[in-house]
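S.K.: Based on what follows, work out the 3D shape:
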Amino acid sequence: MAWIPGGEFAMGCDDFYPEERPVHRVAVDGFWIDAGPVTVSEFGRFVGATGYRTVAERPLHAADYPDADPALLVPGSLVFRRTAGPVDVGDFRQWWAYVPGACWRHPEGPGSDLRGRDQHPVTQVAYADAEAYAAWAGKLLPTEAEWEFAARGGLDGAVYVWGDEFAPGGRQLANTWQGQFPWQNLLLDGYEGTSPVGAFPPNGYGLYDMAGNVWEWTSDFFRPRHGVAGQPDSGQGPAPAPCCAVRNPVVAEPGRDPTSLIPRRVIKGGSHLCAPNYCLRYRPAARQGEAIDTATGHLGFRCIVREPTADAPGTPAH
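M.R.: Numbering: from 1, shown residues only. As a prediction, this is how the structure comes out:
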């Protein structure tokens, strides 16, 4: 794990997607954070020690999904399938498919396996799976503010975790999608899917894959814009006061979302499927909401440890 000293920063961004607004000042206390996302090997040790079954491996119940096709109420998860040519990028069903049998052991479904992926981020993990691993490891999932502060690596206000230019000198600094999503992947970064943790340079705090590779769960519930932490009565909430830094904000209750019966948590960092023509979200300010029961082939997590006192880093006993 890497030590992240406490500090204040400008959270959010006014220049890209609406849900990243408004920019506001936030302060966080110091904490430890995994240097990279949890790997297949690490998650495998957790499952071996506990016998844990992920959400994607458990039976589904019709009462929980009243509008679902009964034929799909079998264990599985979402798998990306590259299209043969250009499609309407407004319809995610063109490239996402619910695949029975897809899970962390079989990320692309039955017939796929984990050979050669020990050091890749684990995927196909729902929110409860990430939370269970964190509890077993004696850790926690980060809040959105903690995750974004760590991702910035000390570069307050920069567009990317490494600065303001996406590919300085033509060098690819993260595992993203180059070309026209979802059909043309030019592979300029060398990877079609996930990449081993550490394949790209770390940020200023020594953290790997804070942009691209896989999205990462945070503990905050999703609101469609930044608002006052803990507001239970609105999907948005009033904008934070620009004059004052909110300290250690937590969004502990979901806002009202008429489009979904399932609560959503914030995911951060973008993934290897993010492309400028569809999802330019491999930036520290970028954020999306993900249903807590969802597992996909481009979503993982990392953990933190909060110290009771942050005067001296020391070594976390975890």
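S.K.: can we go C-alpha only for contacts and neighbour counts from here?
M.R.: OK.
S.K.: Now do the contacts for residue 86.
M.R.: If a contact means Cα atoms under 8 Å, 6 or more residues apart in numbering, then residue 86 has 180-183 as its contacts.
S.K.: 10 Å - rerun?
M.R.: Under the criterion of Cα atoms under 10 Å, 6 or more residues apart in numbering, the neighbours of residue 86 are 180-184.
S.K.: Point out the other elements, helices or strands, that the lowest-mean-pLDDT helix or strand in the chain touches.
M.R.: Between all helices and strands in the chain, the lowest mean by mean pLDDT, DSSP states H and E belongs to strand 246-247, at a mean of 92. Strand 246-247 makes packing contacts with strand 7-11, strand 24-28 when contacts are defined by 3 or more Cα pairs under 10 Å, 6 or more residues apart in numbering; DSSP states H and E.
S.K.: Just the endpoints, please. Distance across stretch 122-141?
M.R.: With Cα to Cα, to the nearest Å as the measure, the ends of stretch 122-141 fall 15 Å from one another.
S.K.: quick one: average pLDDT of that stretch?
M.R.: For stretch 122-141, the mean per-residue pLDDT is 98.
S.K.: Sort out which residues of stretch 92-102 are buried, please.
M.R.: Buried positions in stretch 92-102, judged by neighbour count with 16 or more other Cα atoms under 10 Å: 95-96, 98-102.
S.K.: Tell me which stretches of the stretch 1-150 of the chain form strands.
M.R.: Along the stretch 1-150 of the chain, counting by DSSP state E, counting those that start in this stretch, strands occupy 2-4, 7-11, 24-28, 31-33, 76-80, 96-100.
S.K.: List of residues touching the fifth one?
M.R.: Meaning strand 76-80. Identification of contacts with strand 76-80 by Cα under 10 Å, 6+ apart yields 55-60, 92-104, 106-110, 124-126, 182, 193, 273, 293-298.
S.K.: quick one on the thing from earlier: in PyMOL, select just the buried ones from the contacts of residue 86.
M.R.: Buried members of these, identified by 16+ other Cα under 10 Å, are gathered into one PyMOL selection as follows:
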select buried, resi 181+182
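S.K.: and residue 169, which of the strands of the stretch 1-150 of the chain is closest to it?
M.R.: Taking Cα to Cα as the criterion, strand 7-11 is the member of these that comes nearest to residue 169, at 27.3 Å.
S.K.: That closest one versus strand 24-28: what angle between them?
M.R.: 150 degrees (axes from the mean of the first three to the mean of the last three Cα atoms, to 10 degrees).
S.K.: which secondary structure elements does strand 7-11 contact?
M.R.: When contacts are defined as 3+ Cα pairs under 10 Å, 6+ apart, strand 7-11 sits against strand 24-28, helix 144-152, strand 246-247.
S.K.: same thing but at 7 Å, please
M.R.: Here strand 7-11 touches strand 24-28, going by 3 or more Cα pairs under 7 Å, 6 or more residues apart in numbering; DSSP states H and E.
S.K.: how about the nearest residue to the residue nearest the centre of the chain, chain neighbours excluded?
M.R.: Relative to the mean C-alpha position of the chain, the nearest C-alpha, by Cα atoms, centre = their mean, is the one of residue 216, at 1.9 Å. Excluding its sequence neighbours, the residue lying closest to residue 216 (Cα to Cα, 6 or more residues apart in numbering) is residue 301, at 4.2 Å.
S.K.: Mind pulling the model confidence for the one you found?
M.R.: The model reports residue 301 with a pLDDT of 98.
S.K.: picking that back up, now find how far off-centre the least confident helix or strand of the chain is within its chain.
M.R.: 22 Å (Cα atoms, centre = their mean, to the nearest Å).
S.K.: contact partners of that strand?
M.R.: 25-28 (Cα atoms under 7 Å, 6 or more residues apart in numbering).
S.K.: ok, and the most crowded of those?
M.R.: If you count neighbours using other Cα atoms under 10 Å, the busiest of the contacts of strand 246-247 is residue 26, which has 22 neighbours.
S.K.: Done for today, thanks.
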